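Novice: Any chance you could fold what I've pasted below:
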Amino acid sequence: MTSEVIGRFEQVLRFASTRGIAEVHIKPGQRPLYRRSGALISRKDEATFSEADLDEVAAGLVPGAWLAQWEAGHDVTFPRGVVGCGRFRVTAFRQRGAVGLVVHVVPAKAQALRELNLPKVLGTWALLPRGLVIIAGPPGSGRSVTWQALIEHINTVAPQPRHVMTLEDPIEVLFDDKMAFIRQRELRTDTGDLAAALSHIARMDCDVVAIGDLPADHLESAIALAEQGRLVLAVVSGGLPVDWLRHTLARLEPARREPFRQRLAAQLKGFSYQRMVPTADGKARVPAMETATFSTQMADVLRGAGDVAALQPLIEQARGAGCQTLDQSLIDLAHAGTIAVDQALLASDQPDVLRNRIAGVSLAVPLQAIGKVDDLPF
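Specialist: Numbering: from 1, shown residues only. Model (predicted):
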């Protein structure tokens, strides 16, 4: 029987799922905080959870597959469904000896690329017969939603059925078979760890392998799957394409870099990086995205021994051929009135350069009041 405390916790989740909330933050003695359109808000007079309450919530929620890890003092992330409400991704951890929770509200279904205002080239990548496609961004950037949209694109647009296998930790959106035959595997519940799952997937006759979180130390396994003739869609943590590639190569021993560059250059077909930016009216957030469709010239740069920074001008110059820089995306959003100029500058890694390029846009605040990102008081 559900306890009164877990019932209150589920009421918090029900509220979040109906009010456009992205995440819920809960800690002892403070009202739950809700992240909506990037801002943290709370509900006046909402009851708080005590330390004992959150101990009870964790004890009642952590599934068996994660229980040993939790009881050993580790953080855990697991799925939670609420009947008649939806699915959630719960991260449980301890802070100052007490339980803390962060709950991500999972969309009821995967959204289409057009619904998310994502570049059309992503749909082209999703229909490739083979190769490696990387979706990158910081936590909270919507990269998982983009990854789910790519899978749904295969599911609804592919000219012929394809067998898609996902590896997720945990499973979030549930897919219904349409044009694709989709199997979703949850690490620890349906298989072992990611290494074990990747070692067996070659025997499962997949056309597409979709990896919900690909750590750097498993990247070569993903490349191997692409080399075997599969399309691999992988979410990674990291920065813009050039930054991610530079960091990835730096992790490798010098003797391994050249063969790795050769293999990656042969298989990498598309790389996207995104940040979420508040809309001009402050009611939502939209993705600003850098995309790189790897041409023969770009593959040659990656294959060579030089600095991968040489890729950046190629990305900028290949606009219209499946590439755009983050700043180009921000300028487009600002010119369309979707985002304010001040938010575009905050989202840019080079606001002083962007400031000069964005001339002619109606400003939300005077440009001279923005300053450099490093000058902002937070």
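Novice: I figured residue 169 was touching residue 187, is that so?
Specialist: Yes - counting by CB atoms under 8 Å, residue 169 does reach residue 187; the two are 4.2 Å apart. Where C-beta positions appear, they are placed from N, C-alpha and C, glycine not excepted.
Novice: Overlap in contacts, these two.
Specialist: Contact with both residue 169 and residue 187 is made by residues residue 194, according to CB atoms under 8 Å, 6 or more residues apart in numbering.
Novice: what pLDDT does the closest residue to residue 212 other than its chain neighbours get?
Specialist: Excluding its sequence neighbours, the residue lying closest to residue 212 (CB to CB, 6 or more residues apart in numbering) is residue 168, at 4.1 Å. The model reports residue 168 with a pLDDT of 96.
Novice: For residue 168, give me the backbone phi and psi.
Specialist: phi -130, psi 150 (degrees, to the nearest 10).
Novice: Also residue 276?
Specialist: Residue 276 adopts backbone torsions of phi -90, psi 130, taken as degrees, to the nearest 10.
Novice: Now do the same contact list for it.
Specialist: For residue 276, the contact set (CB under 8 Å, 6+ apart) comprises 38, 140, 141, 142, 285, 286, 287, 288.
Novice: What segments of the stretch 251-378 of the chain are helices?
Specialist: 254-267, 296-303, 311-317, 326-335, 341-347, 351-357 (DSSP state H, counting those that start in this stretch).
Novice: would JSON lines of these with mean pLDDT, distance to residue 56 and mean neighbour count be doable?
Specialist: Shown next, in JSON lines, are the helices of the stretch 251-378 of the chain (pLDDT from 0 to 100; distance: least, CB to CB, whole Å; neighbours: other CB atoms under 10 Å):
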{"stretch": "helix 254-267", "mean pLDDT": "96", "distance to residue 56": "48", "mean neighbour count": "15"}
{"stretch": "helix 296-303", "mean pLDDT": "96", "distance to residue 56": "52", "mean neighbour count": "16"}
{"stretch": "helix 311-317", "mean pLDDT": "96", "distance to residue 56": "51", "mean neighbour count": "17"}
{"stretch": "helix 326-335", "mean pLDDT": "95", "distance to residue 56": "44", "mean neighbour count": "22"}
{"stretch": "helix 341-347", "mean pLDDT": "95", "distance to residue 56": "40", "mean neighbour count": "22"}
{"stretch": "helix 351-357", "mean pLDDT": "91", "distance to residue 56": "47", "mean neighbour count": "15"}
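Novice: can I get those in TSV with distance to residue 53?
Specialist: What follows is the helices of the stretch 251-378 of the chain, written out as TSV (distance: least, CB to CB, whole Å):
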stretch	distance to residue 53
helix 254-267	49
helix 296-303	52
helix 311-317	50
helix 326-335	42
helix 341-347	37
helix 351-357	44
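Novice: Residue 206 is nearest to which of those?
Specialist: For the helices of the stretch 251-378 of the chain, proximity to residue 206 was assessed by CB to CB; helix 254-267 is nearest, at 15.7 Å.
Novice: and of the contacts of residue 276, the nearest to residue 339?
Specialist: The closest of the contacts of residue 276, once distances to residue 339 are taken by CB to CB, is residue 286, at 6.7 Å.
Novice: ok, the closest one - contacts?
Specialist: Contacts for residue 286 (CB under 8 Å, 6+ apart) come out as 117, 276, 277, 279, 333, 338, 339.
Novice: now residue 125
Specialist: 133, 150, 269, 270, 293.
Novice: from memory residue 161 sits against residue 182, does it?
Specialist: No - Residue 161 is beyond contact range of residue 182, at 10.3 Å (criterion: CB under 8 Å).
Novice: Tell me which of the two has more neighbours.
Specialist: residue 182 (21 against 14; other CB atoms under 10 Å).
Novice: Distance check, residue 270 against residue 40.
Specialist: From residue 270 across to residue 40, the span is 34 Å (CB to CB, to the nearest Å).
Novice: Give me the more crowded residue out of the two.
Specialist: Neighbour count, other CB under 10 Å: between residue 270 and residue 40, residue 270 has more, with 24 against 10.
Novice: now residue 167, what's its secondary structure?
Specialist: strand (DSSP: H, G, I helix; E, B strand; the rest coil).
Novice: quick thing: my sequence starts at 75, can you match it?
Specialist: Yep, numbering from 75; the last one is residue 241 now.
Novice: partners of it in the sheet?
Specialist: residue 259, residue 285 (DSSP bridges).
Novice: coming back round to it: now the buried members of the contacts of residue 350.
Specialist: Burial by neighbour count, judged by 16 or more other CB atoms under 10 Å, picks out 215, 216, 359, 360, 361, 362 from these.
Novice: related to what we said a few turns ago, of all the helices of the stretch 325-452 of the chain, which lies closest to residue 80?
Specialist: helix 415-421 (38.7 Å).
Novice: Mind giving me the packing neighbours of that closest one?
Specialist: If you count contacts as 3 or more CB pairs under 8 Å, 6 or more residues apart in numbering; DSSP states H and E, helix 415-421 packs onto strand 342-352, helix 400-409, helix 425-431.
Novice: Show me what the helix or strand harbouring residue 155 packs onto, helices and strands only.
Specialist: Assigned by DSSP states H and E, residue 155 belongs to strand 150-156. When contacts are defined as 3+ CB pairs under 8 Å, 6+ apart, strand 150-156 packs onto helix 78-92, helix 138-145, strand 160-169.
Novice: could you dump those to CSV with distance to residue 198 and mean neighbour count?
Specialist: Converted to CSV, these look like this (distance: least, CB to CB, whole Å; neighbours: other CB atoms under 10 Å):
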stretch, distance to residue 198, mean neighbour count
helix 78-92, 33, 17
helix 138-145, 37, 14
strand 160-169, 29, 18
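Novice: Quickly list what residue 175 is bridged to.
Specialist: Applying DSSP bridges, one finds that residue 175 bridges with residue 100, residue 166.
Novice: Residue 86 and residue 177: what is the separation?
Specialist: Residue 86 is 8 Å from residue 177, by CB to CB.
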